[in-house]
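In: Sequence unavailable; structure follows:
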């Protein structure tokens, strides 16, 4: 509310908002990368997932917003790669239903679609927010695409091959 919260404030705020929306959520504490940390366990469509709202709120060097889903609706196996906590008394979160979100590296959201680049062959793809309807949009030639952004009706990216 005051723009000064750290992870515990993020976790408490997310729990409050989700609970008010009728979504089951609890705050979880433990360690993230070896430091005290807090995040959430949520229930969506009858399954449990973890959300780390703090680590999903990255800030670019130029202060522009970055869209990140790396810690949104992840199973405990994904979260446990860099988080540790006491799982006693907590429901098991093992569903990978939303793995299409947290595996995306560089992407942009526009309306009801997510656009992303396949790093292996520099191909631009489009898919619906629910992960369905994946289709190739264009090849970006031999360009190395970075920082895909949607502004208005246009997708922009930095071509690391020629810095344009």
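Out: Nice, I can see it. No experiment lies behind these values; they were computed from the predicted model shown. Residues are numbered from 1 along each chain as shown.

In: Every contact and neighbour count from this point should use C-alpha atoms.
Out: Will do.

In: next structured bit after the longest helix anywhere in the chain?
Out: Determined from DSSP state H, the single longest helix within the chain is helix 7-20. Downstream of helix 7-20, the next assigned helix or strand under DSSP states H and E is strand 25-32.

In: Pairing partners for that next one, with directions?
Out: strand 35-44 (antiparallel), strand 83-84 (antiparallel) (DSSP bridges).

In: quick revisit: could I get the average pLDDT for the longest helix of the chain?
Out: Over the span of helix 7-20, the pLDDT mean works out to 95.

In: same question, stretch 39-55
Out: Mean predicted lDDT for stretch 39-55 stands at 94.

In: And that stretch, what's buried?
Out: 39-43, 47-55 (16 or more other CA atoms under 10 Å).

In: Any buried residues in stretch 149-162, and which?
Out: 149, 150, 157, 159.

In: same thing with stretch 70-85?
Out: 70, 71, 72, 73, 74, 75, 76, 78, 79, 83, 84.

In: Show the contacting residues for the residue nearest to the spatial centre of the chain.
Out: Using CA atoms, centre = their mean, the residue of the chain that lies closest to the mean C-alpha position is residue 69, 0.6 Å off. Contact partners of residue 69, counting by CA atoms under 8 Å, 6 or more residues apart in numbering, are 56, 101, 102, 104.
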